[in-house]
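Participant: would you be able to build a 3D model of this:
(2 chains)
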Amino acid sequence: MIYEVINRNLGISQIQIIGVANSSFVLVGDTNTIQLVSYFDTPPESLIVGPFVLLPPE
Amino acid sequence: MFRRISNVNSMKVNTVSFSSVFQIGDSKEITSFTSGLSLQREREYFAGNEGTFNSPVFYSKPDFLPINESILIIKQNENPVITVGDIEIIGVTTSSIIHIGSSNHIYGDNRLKHIRQLEDRKQEEKMNIQINR
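Facilitator: You can find the predicted model right below:
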């Protein structure tokens, strides 16, 4: 594959961001490669309904 | 490979917390890891040492599909500058990065396990009925 890019003008007037969290990036600039991985888990056993018990520690 | 220059007029960042970085300048490689255990509890009492990071969410290796095609990238930057006026960011947290400048390779990895612990509605109702009698 030949991937040809011509960058002409890139001008941004304003950026407003409330929050960036958990290994996220705000990038103003060029980058060759970006790899992002996210695992979010709420399995059935992590919904607990019932009498109050503390979670067991490590 | 030629990288464009990043030109930012003004920046306002309120909070940079929990191993986060606000960088002005180029970098070669950025790797960022987060492991989070989030406990949402209806009854507001937390012991401070609860929970473990033993779940597969935290130690699974990501399964990237292999790329079996070679690629030739040709880039022409007619304007050598990326221009941004004003940037305002309230907060960056938990191993996140604000980066003004170019980089080569960026890897971000976030693992989050979310637990919800709710009160038993039927128990509450039984107690309310007993109290009201």
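
Participant: so where do the strands sit in chain B?
Facilitator: B:5-17, B:21-24, B:29-41, B:72-77, B:81-93, B:97-100, B:103-118 (DSSP state E).

Participant: chain A now?
Facilitator: Ranges of strands in chain A, per DSSP E, are A:2-7, A:10-21, A:25-28, A:31-41, A:47-49.

Participant: tell me which residues touch A:G19, please.
Facilitator: Residues near A:G19 by CB atoms under 8 Å, 6 or more residues apart in numbering or on different chains: B:90-93. Quick note: C-beta positions are derived from backbone N, CA and C, even for glycine.

Participant: residue nearest the centroid of chain A?
Facilitator: The residue lying closest to the centre of chain A (CA atoms, centre = their mean) is A:S24, at 4.3 Å.

Participant: can you tell me which of the contacts of A:G19 are buried?
Facilitator: Buried members of the contacts of A:G19, scored by 16 or more other CB atoms under 10 Å in any protein chain shown, are B:91-93.

Participant: the spatially closest residue to the residue nearest to the centre of chain A that is not a sequence neighbour and B:T52: what is the separation?
Facilitator: Excluding its sequence neighbours, the residue lying closest to A:S24 (CB to CB, 6 or more residues apart in numbering or on different chains) is B:S96, at 4.7 Å. Here the criterion is CB to CB, to the nearest Å. By it, B:S96 lies 25 Å from B:T52.
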